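A.B. asks: For reference, the sequence and a predicted model appear below.
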Amino acid sequence: MELTGAEIVCESLIKEGVDVLFGLPGGAVLPFYGALSKYSQLRHILVRHEQAAVMAADGYYRASGNVGVAMATSGPGATNMITGIACANMDSSAMVVITGQVPRSGLGKDFFQETDTTGVTLPITKHNSLVMKAADIPRAIREAFYIARTGRPGPVLVDIPKDVFQEQAEFVFPDEVNLPG
C-alpha cells in the first residue's frame, strides 16, 4: 500500500512494538505529527525541550527495557538532543532518535535550520543515517532498532528530510535485518 513517508515512520514504529515516544514538534517534522494523529496505538508525550525528549526516552528504556524513542526537528531541535544522546551512549541505553531535516533540495546549501545532524552525532551514536527516499524508511527504522538493542545497547539516529516525510511510497517492512559485521 502507498503511504506518505510520515505514515511509513508510524507503521514502522508500530511494527517494532513502539507504543510511546517522546518529542517536540517543529517545522521539519510537522508532516510526521500530522500523520501521528491517525495512529492511536502510538502515544506521544509532548516535552518542553528536545533534551527532555531524549532524557525521557533514556529513562523509558531503563525502566521498561524497551527501546526508547525520541523525536525532534532539524537544526537547533536536533542539536538540543546532543547531551541526552551522549548520555545514552555512555550508559548503554537503547534508543532510536528520529530527527527531521531540511528538504533534500536544501541539503548542503546552508538552508534555514540546516545542520549536519548525522555528522554532529557520529561520535555519540552506535549508528546514524540520513534517509533520502520514503521507500527506504522501513529498512532504516528496522536497522536502527536492531542496532540499538543488539550487542552493547546504545542510541541510533535516523535523520529524515521534510520532503521525504511527504513523499509517497509503497510500505514494505523487512522481515529480517542483513547487516554483515
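C.D. replies: Thanks, I have the structure now.
A.B. asks: Helix, strand, or coil at residue 3?
C.D. replies: The local conformation at residue 3, judged by DSSP: H, G, I helix; E, B strand; the rest coil, is strand.
A.B. asks: tally of neighbours for it?
C.D. replies: Around residue 3 sit 18 other residues, with neighbours defined as other CB atoms under 10 Å. Heads up, the C-betas are built off the backbone N, CA and C, glycines and all.
A.B. asks: likewise the one 3 residues further on?
C.D. replies: Other residues lying near residue 6 total 25 when counted by other CB under 10 Å.
A.B. asks: Wasn't it part of a helix?
C.D. replies: Yes. When three-state DSSP is applied, residue 6 is found to be in a helix.
A.B. asks: That one and residue 17, how far apart?
C.D. replies: Distance check for residue 6 against residue 17: by CB to CB, to the nearest Å, it reads 19 Å.
A.B. asks: now residue 130
C.D. replies: In terms of CB to CB, residue 130 sits 25 Å off from residue 17.
A.B. asks: Settle it for me: which of the two has more neighbours?
C.D. replies: Between residue 130 and residue 17, residue 130 has the larger neighbour count (other CB under 10 Å), namely 20 against 9.
A.B. asks: What distance do you get for the more buried one to residue 147?
C.D. replies: When residue 130 is compared with residue 147 (using CB to CB), they lie 15 Å apart.
A.B. asks: Likewise for residue 78?
C.D. replies: Applying CB to CB to residue 78 and residue 147 gives a distance of 19 Å.
A.B. asks: try residue 25
C.D. replies: As for residue 25, its distance to residue 147 is 26 Å (criterion: CB to CB).
A.B. asks: more neighbours, the two?
C.D. replies: Each of residue 25 and residue 147 has its neighbours counted (other CB under 10 Å); residue 147 has more, 22 against 18.
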